[in-house]
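Trainee: here is my input; please provide its structure:
(one chain, ligands or ions: 2)
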Amino acid sequence: MGDGEGGGEKHQKSNDRIISTDPNDYTIIKEGEAEILMHAKNQVFYNKTQVNNRDLSIAVLRTFISKRKEEHEAMSSKRAKVPPEVSEEASAGHVEEEATDDPVSNSEKSNGECEVLVEPPEDEPHASPEEAVKLTEGKGRGQLKPPRVLEALAASGLRSIRYAREVEGIGQVVAVDNDKVSVEACKRNIRFNGSVACSKVESHLADARVFMLTHQKEFDVVDLDPYGSPSVFLDSAVQTVVDGGMLMCTATDMAVLCGGNGEVCYSKYGSYPLRGKYCHEMALRILLACIESHANRYKRYIVPVLSVQMDFYVRVFVRIFTSASAMKNTPLKLSYVYQCIGCDSFHLQCLGRTVTKNNSVRYLPGFGPAVPQECSDCGKKFNMGGPIWSAPIHDQEWVTSILANVKSMKDRYPAYDRISAVLTTISEELPDVPLFVSLHSLCGTLKCTSPSAVVFRSAVINAGYRISGTHVNPLGLKSDAPMDVIWDIMRCWVKNHPVKAQPPDQSGTVILSKEPTLQANFARAVSSLSKAQVKKVARFLPNPERHWGPKLRAGRQITSKHASLLGPHVVNGSNSHEERDEQEPKRQKTEDHTSPCQES
Ligand SMILES: C[S@@+](CC[C@H](N)C(=O)[O-])C[C@H]1O[C@@H](n2cnc3c(N)ncnc32)[C@H](O)[C@@H]1O
Ligand SMILES: [Zn+2]
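Mentor: Ligands and ions are numbered 1, 2, ... in the order given. Here you go, the predicted structure:
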């Protein structure tokens, strides 16, 4: 086990916390192929509910490795066809610096390994995954180096150890934490996990921001899993990832991201959230817009691969590339959201637009406003939120590969049921439709009975539009049908299912006072059943046990303040490992996924 266990001293002091060296004070926690030693007083952060988060990250990491290999092979065969002196790019007048065999161009010694890091030309570097591959190759040209992973906020090192032990083809994993007790625990856990962990994982005591700023473009994958908001780490994180590399980022401050405190969200993320049924998807899109804005500062941009809202947090997986010209497209991927305060209708307004003339593209500000002062459906005013990321939040090809990987290695994912259900739902989402409507909320506005999802889906499809579910809300429906079409369908529904008279100023009354311009056809449409219904498989699974939620910061004292959350038995009570599971602060996690949650 860890260092000093046999010694006479049973406790060492670190910061203001006592580190026990008595083996009896520890229990072993196993997750995947990693085993970590956990102190009975849980001095180092560990939350078993995050097994979903870690499993998903392992699945993405495995796919990242195989995709990068594919990209590398595609690049190699392209190279074989084109003599290097006269490359396609050069002949097209595109001048680009290539990774050379000469490490002098810019090499850096790190942990005894020689990294070939080529600083791309200032203005127009590599814009595609294939081109980024050039820069991640090793010294011998044509060789792809095993990826280096940085877990910037590592706590016990569980995640890093799982990456090292479970992901085939992984290179080095660097686990950083600024908490001395955590780093000592991490080092102990690395040793506890045997030779593979010892040879691949290293632990550092450092402020993650300083560490990342001093290791620019050195890591193929950077994993951020903070307490609450990742906002203070984003600027350095986007600089640490190599071109074509991946940033994995969690945010658990859902109350902030979902509109609990709009001004706090603005100060952290640069966007205004809106309280609405789609707030969890909006949270994902605010986080993506924020990462993009940090990336843009360094002539970089993101390509989201997978964006998940799960349990009590959001987690995004984005690749990062450098290209000053591709970066000009960023305003086309961002939108403000107008949400009616009366009927919840929403409309997006893109920040930018392009005009193409004679093969040249001009970038211009978006036209606005996208909505009149008063909602054309119910006459009420709009709140304006955003800017949000309004381009796709997943790459469906990646999602398919990740899901296929998970299914092919079922036994190696402790959270298989949950992550395969989430990935399946994501694979069925309309990729190009931001946000969604909720059938219950539409019916709530009109005070009418609800059509079944199949009937509503059919009417949308019969009107010539697309519709799908969403992984963030079992009742949510994504559709490219405009809001007036959605309301027309509902007006037609109410004609056959009349409602009681309501006060004239109610949004529902105003909406129903207009005649529909579209005659909805509710006949069952082929493909109106969701794929989940067709396959009769669950997409939204209940939590596996009580208190499936976020945890307090490590070392934080449980006080009477927490009694309402955790139950009075925890205050001043003993804190055995078994009890600890019961003590995770319970919040949110209701049947309705849309209520904003609290920060961990
Ligand atoms: C939520 S825990 C990480 C959990 C871990 N990733 C896992 O999967 O089990 C957050 C960790 O970030 C560390 N931390 C907070 N601020 C930091 C900073 N500025 N630099 C490095 N580590 C930091 C804390 O000490 C804590 O251990
Ligand atoms: Zn309205």
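Trainee: so for stretch 406-415, mean pLDDT?
Mentor: If you average the pLDDT over stretch 406-415, you get 97.
Trainee: CA atoms of it as PDB?
Mentor: Taking C-alpha atoms only, stretch 406-415 is exported to PDB below (Å, rounded to 0.1, in the frame of the first residue of the first chain):
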ATOM      1  CA  VAL A 406     -19.600   0.800 -25.900                       C
ATOM      2  CA  LYS A 407     -21.800  -2.000 -27.200                       C
ATOM      3  CA  SER A 408     -18.800  -4.100 -28.300                       C
ATOM      4  CA  MET A 409     -17.200  -3.800 -24.800                       C
ATOM      5  CA  LYS A 410     -20.300  -4.000 -22.700                       C
ATOM      6  CA  ASP A 411     -18.600  -5.800 -19.800                       C
ATOM      7  CA  ARG A 412     -15.900  -3.100 -19.500                       C
ATOM      8  CA  TYR A 413     -18.300  -0.300 -18.700                       C
ATOM      9  CA  PRO A 414     -19.700  -0.400 -15.200                       C
ATOM     10  CA  ALA A 415     -22.300   2.200 -16.200                       C
END
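Trainee: list the contacts of that stretch.
Mentor: 31-32, 51-52, 55-56, 58-59, 62, 166, 416, 419-420, 423 (Cβ atoms under 8 Å, 6 or more residues apart in numbering). No exception for glycine: its C-beta is placed from N, CA and C like everyone else's.
Trainee: most neighbours, which of those residues?
Mentor: Neighbour counts for the contacts of stretch 406-415 (other Cβ atoms under 10 Å) peak at A59, which has 27 neighbours.
Trainee: tell me who's in contact with it.
Mentor: Per Cβ under 8 Å, 6+ apart, neighbours of A59: I402, N405, V406, Y413, I419, L423.
Trainee: what about it, helix or strand, and which?
Mentor: Following DSSP states H and E, one finds A59 within helix 51-81.
Trainee: got the buried residues for that helix?
Mentor: By neighbour count on 16 or more other Cβ atoms under 10 Å, the buried set for helix 51-81 is 51-65, 67-68, 71-72, 75-76, 79.
Trainee: give the contact list for Q309.
Mentor: The contact partners of Q309, taken as Cβ under 8 Å, 6+ apart, are H280, E281, A283, L284, H471, V472, H593.
Trainee: sorry, that was for A152
Mentor: Residues near A152 by Cβ under 8 Å, 6+ apart: V176, A208, F211, M212, V222, D223, L224, F233, A237.
Trainee: hmm, 10 Å instead?
Mentor: 174-178, 206-209, 211-212, 219, 222-226, 230, 233, 236-237, 240, 249 (Cβ atoms under 10 Å, 6 or more residues apart in numbering).
Trainee: sorry, back to before: out of the contacts of stretch 406-415, which comes closest to ligand 2?
Mentor: L423 (34.8 Å; Cβ to the ion).
Trainee: where does the helix holding A59 sit relative to the chain's centre, distance-wise?
Mentor: 18 Å (Cα atoms, centre = their mean, to the nearest Å).
Trainee: how about stretch 256-264?
Mentor: 18 Å.
Trainee: in the stretch 1-150 of the chain, what residue comes closest to ligand 1?
Mentor: Closest residue of the stretch 1-150 of the chain to ligand 1, Cβ to the nearest ligand atom: F45 (4.1 Å).
Trainee: and that residue, which of the three is it?
Mentor: The three-state assignment at F45 reads coil, by DSSP: H, G, I helix; E, B strand; the rest coil.
Trainee: give me the neighbour count for it.
Mentor: Considering only other Cβ under 10 Å, F45 is surrounded by 24 other residues.
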